[in-house]
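# Any chance you could fold what I've pasted below:
(2 chains)
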Amino acid sequence: MIVKEWCMYCGECAGVCPRNLIEVREISLNFNEENCKDCRICVKACPVQALEKGDD
Amino acid sequence: MIETDILVIGAGPAGSTAAKHAAMAGSSVILMDKKSEIGTPKRCAEGVSKEGLKKLGIEPSERWVTKEASGIRMVSPKGIAVNLTEDKVKLPEAGYILERKVFDKYMAMDAGRAGAQIMIKTLATGMRRENGQMVVTAERMGEEFQIKAKIVIAADGPESRVGRWAGLRTSLKPKDMESCAQFEMAGVEMEEPDCIEFYFGSVSPGGYAWIFPKGDDIANVGLGVLTTMTDKSAYEHLLEFVKNNSATKNAQAVEINVGGDPVGGLLKKKVTDNVLVTGDAASMVNPLTGGGIISGMLGGRIAGQVAAQAVIEGDYSKKSLEIYEELCENEVGKSFEKYLKAKNYLLSLSDEELDQIAEAFQDSDFESINTAEMIRKLVKISPKALLKLGKLF
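Numbers count the residues shown, from 1 in each chain, chains lettered A, B, ... in the order given. Below is the predicted model:
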């Protein structure tokens, strides 16, 4: 997952992740990519389009 | 290992209120927040009802009240406004616009004064159950440590992980999460500067846009959308709204806020052994308005009191904590069901129907309007949509 520089760490992506794979810190996001099933719900939920799947 | 009776994770209004009431009831309490400054960045439009604060026993302070709003202005897609002002209708929801960066901190300070120990810039990274208690691993400024607590109160927001660690399903479906973006702006020229404003229709698919005045020419200008109902981001919708709205077209943004708002109605299972979930993490948000400060604090208060009582009784089991669910249902949950119906009705209306409703009501004297008359007006516009309202009235 590519997190763009303008991410504001609001955590909406973490809230909708059906597998609880996103950890929101104050100024970073950690993705547990190993268990990601590529549903992209987080990408769509982001209010500022700051997430991009690496293989897009 | 640090030991405490109750560990509250997240120092928003709900978490701080839970910590305060648990400490007041005699428990040892730790309140932790991952942020370097509690309340920053702010997460919402900052409106609360006066009645709600009163219910919580909180005296309004000039430190965090920026503006008293005396009315509501609702604007249809075509720009037809329906004004509900105090001279026209008795408004139970008249309220204050807060400075949440100050308010949230103030509430945490209250918890500290009541005896809670506050840990800032402290992130919970994991949780396990050990000998009938919870052990939470945490990180603060490069230091890793563990806290053993009899009860953990998860107040960690819509991105809640703590509840999920405990096996509760706090994850939200996209249709239950408003995606929000907001500017705080100066140079806002509002038609009714004492009213909070709502804009409905395709301007903000699945939600609404708002302008909440903060005194002088300052206002929070924002909107929430359901990502299931639009291909554009909340931010893109906001840029359009600001450009096209007469009140904001000359205004300047000094802050941007984004985030998710859990509007699906109260989380059903909020309790398990040793763990309670409260505030946004439990979707304690009015599904119609998206407002969750007061309801989160009311839920937080119950969580703190129930947890402290369980500590006194020495029973931290799910069974002992389950009373929390019933109390929350009575305090906020029941009203949410009604609001959820109203929201679904609102979302079912087209721009044309919203315009027709605004036309029908724009010159109404709401003091003399009764429910039957209101329904007659709404039936004329869309009988099919009204059916969805069910037994709302």
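# CA atoms only for the helix or strand hosting residue B:306, dumped as CSV, please.
Using DSSP states H and E, residue B:306 sits in helix B:293-313. Coordinates of the C-alpha atoms in helix B:293-313 are reproduced here as CSV (Å, rounded to 0.1, in the frame of the first residue of the first chain):
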residue,chain,number,x,y,z
ILE,B,293,-20.1,14.3,21.3
ILE,B,294,-22.9,14.3,23.8
SER,B,295,-24.1,10.7,23.1
GLY,B,296,-20.5,9.5,23.3
MET,B,297,-20.0,11.3,26.7
LEU,B,298,-23.3,9.9,28.0
GLY,B,299,-22.1,6.4,27.0
GLY,B,300,-18.7,7.1,28.4
ARG,B,301,-20.2,8.1,31.7
ILE,B,302,-22.1,4.8,31.9
ALA,B,303,-19.0,2.8,30.9
GLY,B,304,-17.0,4.5,33.7
GLN,B,305,-19.6,3.9,36.3
VAL,B,306,-20.3,0.3,35.3
ALA,B,307,-16.6,-0.5,35.2
ALA,B,308,-16.0,1.0,38.6
GLN,B,309,-18.9,-0.9,40.1
ALA,B,310,-17.5,-4.1,38.7
VAL,B,311,-14.2,-3.4,40.3
ILE,B,312,-15.9,-2.8,43.7
GLU,B,313,-17.7,-6.2,43.3
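# Please name the residues that touch the most centrally placed residue in chain B.
Residue closest to the mean C-alpha point of chain B, counted by Cα atoms, centre = their mean, is residue B:292 at 1.8 Å. By Cβ atoms under 8 Å, 6 or more residues apart in numbering or on different chains, the contact list for residue B:292 reads B:44, B:261-262, B:279-280, B:284-286. Bear in mind the C-beta positions are built from the backbone N, C-alpha and C, glycine included.
# and the helix holding residue B:306, average pLDDT?
For helix B:293-313, mean pLDDT rounds to 98.
# Identify each buried residue in the very next helix or strand once past that helix, please.
Counting by DSSP H and E, the next helix or strand C-terminal to helix B:293-313 is helix B:318-321. Using 16 or more other Cβ atoms under 10 Å in any protein chain shown as the test for burial, helix B:318-321 gives B:320-321.
# Can you name the next helix or strand after helix B:318-321?
Counting by DSSP H and E, the element after helix B:318-321 in chain order, helix or strand, is helix B:323-328.
# Could you give the separation of the helix or strand that comes right after that following helix from the chain centroid?
In the C-terminal direction, the helix or strand that comes right after helix B:323-328 (DSSP H and E) is helix B:334-348. Centre-to-centre, helix B:334-348 and its host chain are 16 Å apart (Cα atoms, centre = their mean, to the nearest Å).
# Need the CA coordinates for helix B:334-348. PDB is fine.
Only the C-alpha atoms of helix B:334-348 are listed here, as PDB (Å, rounded to 0.1, in the frame of the first residue of the first chain):
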ATOM      1  CA  LYS B 334     -33.600   3.800  21.400                       C
ATOM      2  CA  SER B 335     -33.600   7.300  20.000                       C
ATOM      3  CA  PHE B 336     -31.000   6.300  17.400                       C
ATOM      4  CA  GLU B 337     -33.500   3.800  15.900                       C
ATOM      5  CA  LYS B 338     -35.900   6.600  15.200                       C
ATOM      6  CA  TYR B 339     -33.200   8.800  13.700                       C
ATOM      7  CA  LEU B 340     -32.000   5.900  11.500                       C
ATOM      8  CA  LYS B 341     -35.500   5.700  10.000                       C
ATOM      9  CA  ALA B 342     -35.500   9.500   9.400                       C
ATOM     10  CA  LYS B 343     -32.100   9.300   7.800                       C
ATOM     11  CA  ASN B 344     -33.100   6.500   5.400                       C
ATOM     12  CA  TYR B 345     -36.100   8.500   4.500                       C
ATOM     13  CA  LEU B 346     -34.000  11.500   3.800                       C
ATOM     14  CA  LEU B 347     -31.500   9.500   1.700                       C
ATOM     15  CA  SER B 348     -34.400   8.100  -0.400                       C
END
